[in-house]
Structure formats: structure tokens, C-alpha cells
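Participant: what follows is a predicted protein model with its sequence.
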Amino acid sequence: MKLKLIIWLGVVYFIALMVMFPARLAVKIAPLPADVRLEQVTGTLWHPQFGSIGMAERSLQAVSVELFPLALFTGKLAAQVQVGRHELNPFSLDGHVTYSFGGASLEDWIVRGDLGKASRWLDIPNLVPVQGEFTLELTEYQQGQQLCNTLSARGTAFDVRTRVGDVWHPIGDYDVSLSCREGSVVVEMPENNLLGIEFELQLTDVGYKLAGSLRPSANSPQAIRDILRVVGTPNAQGRYLFSLERP
């Protein structure tokens with residue numbers, strides 16, 4: 001009876017020790033890749049906070065991670081991840097992540113940020129200069145053999161502006177939906193916006209395929225309508241088609 005009590009107390013002590021272990025000491029002990037930078041580390045092993053997390057040329061400020069120890073008994077690593085609002089951050093986020101032998105999954109993620117900053121941070125080619133704010137609400141994502149097994153998300157860009165010459169023109173709000181199709185991530189935009197833009201972007205593990213069209217409304221900036229008349233010819237429905245593909 002005493003032996004069982006000692007073992008039980010030992011297990012409780014070990015768990016408490018691990019939960020309260022300082023995160024900054026864990027970072028010093030853990031082998032990290034050469035291009036990963038963890039700065040201003042505070043908190044405990046199960047709830048660390050980072051003043052900055054960097055990898056190569058990208059970094060995020062004010063990052064907090066809360067691990068859930070009980071998930072380990074189910075063979076999973078689960079955590080709540082937060083990236084706070086910071087002038088150097090391209091976005092803020094809050095969401096639940098789980099990792100198991102089957103891969104990673106995300107649930108109930110909210111991402112908010114600046115379109116321009118996020119595009120530069122993600123190194124997305126800035127073919128058309130834009131400014132504005134965006135929100136992405138991800139309900140569910142599950143990693144697959146390609147890019148995904150499941151994906152359900154919706155995003156909105158607010159008060160978007162685009163530049164023609166030296167002048168920025170307001171072009172309204174834009175909605176997109178994200179889903180998973182045969183292992184590929186599919187991004188779709190309906191045409192219910194000021195420029196009448198609709199497209200489907202399919203992302204695979206090796207490339208992408210984009211196809212869409214636009215038909216600016218009478219309320220859209222005159223400068224944009226003038227440029228379209230110069231650079232393209234509309235089809236019979238008055239829509240300007242565009243496409244881009246990388247196999």
C-alpha cells in the first residue's frame with residue numbers, strides 16, 4: 001500500500017515538475033535548427049511565451065503557446081497558439097493545433113491582419129498593389145498525403161484599395177472560401193464585389209492553377225476601367241478573363 005502511494009506521489013511530482021519547468025531552460029537544453037530563433041522566452045514548459053520567434057528571414061512577435069498535457073495520454077500533442085497584435089506582425093492569430101502520427105490538424109483559427117504586410121511576409125508576388133485589412137476564420141483543417149484531407153475556411157478583405165499610377169483607389173470588400181478537393185487546397189471568390197472579380201485557385205503540393213474573370217461595375221474607379229480597355233478585350237458577356245498556371 002505504501003509502495004503504491006510512493007509511486008503515485010512520484011508520478012504527481014514528476015508531472016508537476018514538468019509542468020512548472022521554466023521554458024527558457026527548456027529552450028537552452030533543446031537542440032534547435034540553426035535558422036530558428038527564440039527570443040525573450042518566459043513562462044513554463046507547458047505555457048511558454050516568446051517575445052519573438054524567427055525562422056530564416058521571417059519572424060513573429062508576442063507569441064504564446066499553451067500545451068494540454070492530458071492530450072499526451074491519447075497519443076497527441078495539442079496546444080492553443082496565439083500571436084498578438086504587434087506593429088511588426090503581419091497578422092494576429094488564435095487557434096487550436098493538434099499533432100499526432102496521422103499529421104497535423106487545426107481547429108477554430110481566427111487570423112486578422114494587413115493585406116500588404118501579409119503578402120510581403122509570405123513572399124507573395126505583388127502583381128497588383130493592394131492595401132486593406134483581412135480576416136480568416138478557419139473551422140477545420142487536417143493534413144493529408146498531399147496538402148489536405150479536410151479544409152473549411154472563409155476569409156474577407158475589408159476596405160481594399162489598389163494603386164493606379166500614384167493614386168490609391170477604393171475597391172470595396174472581397175470574400176473567399178477555402179476547401180479541400182482531392183488533396184488540393186481550393187480558394188474561390190464569388191463575383192459579388194465592386195470589380196466583379198470571380199476566380200478559382202487550386203493549390204497542389206507541386207504547383208497551382210488560377211482561372212477567373214472580372215467585370216467592373218459602373219461604380220468602380222474609372223482609372224481601372226480605362227486600364228482594362230487598354231490591356232485586354234472582354235468576351236461576349238463583358239468579362240475580362242485571366243489565368244495562370246504552374247504545373
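Facilitator: Happy to help now that I have it.

Participant: and the helices in the protein?
Facilitator: Secondary structure of the chain by DSSP state H: the helices cover 2-20, 23-29, 115-121, 222-231.

Participant: how near is the spatially most central residue of the chain to Val83?
Facilitator: With distances taken as CA atoms, centre = their mean, Val111 lies nearest the centre of the chain, 6.6 Å away. Relative to Val83, Val111 is positioned 9 Å away (CB to CB, to the nearest Å). Every C-beta, even on glycine, is put in place using the N, C-alpha and C of the backbone.

Participant: and for those two, which residues touch both?
Facilitator: Here Val111 and Val83 have 91-93 as joint contacts, going by CB atoms under 8 Å, 6 or more residues apart in numbering.

Participant: thinking again about what came up before, now do the contacts for the residue nearest to the centre of the chain.
Facilitator: Here Val111 is in contact with 91-93, 95, 134-138 (CB under 8 Å, 6+ apart).

Participant: quick check: buried residues in stretch 105-112?
Facilitator: 105-106, 109, 111-112 (16 or more other CB atoms under 10 Å).

Participant: residue ranges in the protein under the pLDDT threshold?
Facilitator: Where the chain drops to pLDDT under 70, the residues are 1-19.

Participant: could you chop it up by domain?
Facilitator: Following the assignment in automatic domain parsing, the chain carries domains at 1-101, 107-247.

Participant: so what's the residue nearest to the centre of the chain bridging to?
Facilitator: Counting by DSSP bridges, Val111 forms beta bridges with Leu93, Leu136.

Participant: what's the nearest residue to Asp159 if we skip its chain neighbours?
Facilitator: Gly132 (5.3 Å; CB to CB, 6 or more residues apart in numbering).

Participant: oh, I was asking about Val41
Facilitator: Arg24 (4.4 Å).

Participant: repeat for His96
Facilitator: Per CB to CB, 6+ apart, closest to His96 is Glu107, 4.5 Å.

Participant: can you pull out the strands in this structure?
Facilitator: For the chain, applying DSSP state E gives strands covering 36-44, 47-55, 58-67, 77-83, 91-100, 103-114, 130-142, 150-164, 167-181, 184-189, 198-203, 208-214, 240-246.

Participant: which strands border the last one, and is each parallel or antiparallel?
Facilitator: By that I understand strand 240-246. If you go by DSSP bridges, strand 240-246 pairs up with strand 208-214 (antiparallel).

Participant: go on, the third one?
Facilitator: Strand 58-67 has its sheet partners listed here by DSSP bridges as strand 47-55 (antiparallel), strand 77-83 (antiparallel).

Participant: please verify my assumption that Gln146 contacts Cys180.
Facilitator: No - Gln146 is not in contact with Cys180 according to CB atoms under 8 Å; the separation is 9.2 Å.

Participant: what are the C-alpha coordinates of stretch 238-247, in PDB please?
Facilitator: As requested, C-alpha coordinates have been extracted for stretch 238-247 and formatted as PDB (Å, rounded to 0.1, in the frame of the first residue of the first chain):
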ATOM      1  CA  GLY A 238     -18.300  41.800 -71.000                       C
ATOM      2  CA  ARG A 239     -15.900  39.900 -68.700                       C
ATOM      3  CA  TYR A 240     -12.100  40.100 -68.800                       C
ATOM      4  CA  LEU A 241     -10.600  36.600 -68.500                       C
ATOM      5  CA  PHE A 242      -7.300  35.800 -66.700                       C
ATOM      6  CA  SER A 243      -5.500  32.600 -65.900                       C
ATOM      7  CA  LEU A 244      -2.100  31.500 -64.500                       C
ATOM      8  CA  GLU A 245      -0.700  28.000 -64.000                       C
ATOM      9  CA  ARG A 246       2.500  26.400 -62.700                       C
ATOM     10  CA  PRO A 247       2.400  22.600 -63.100                       C
END
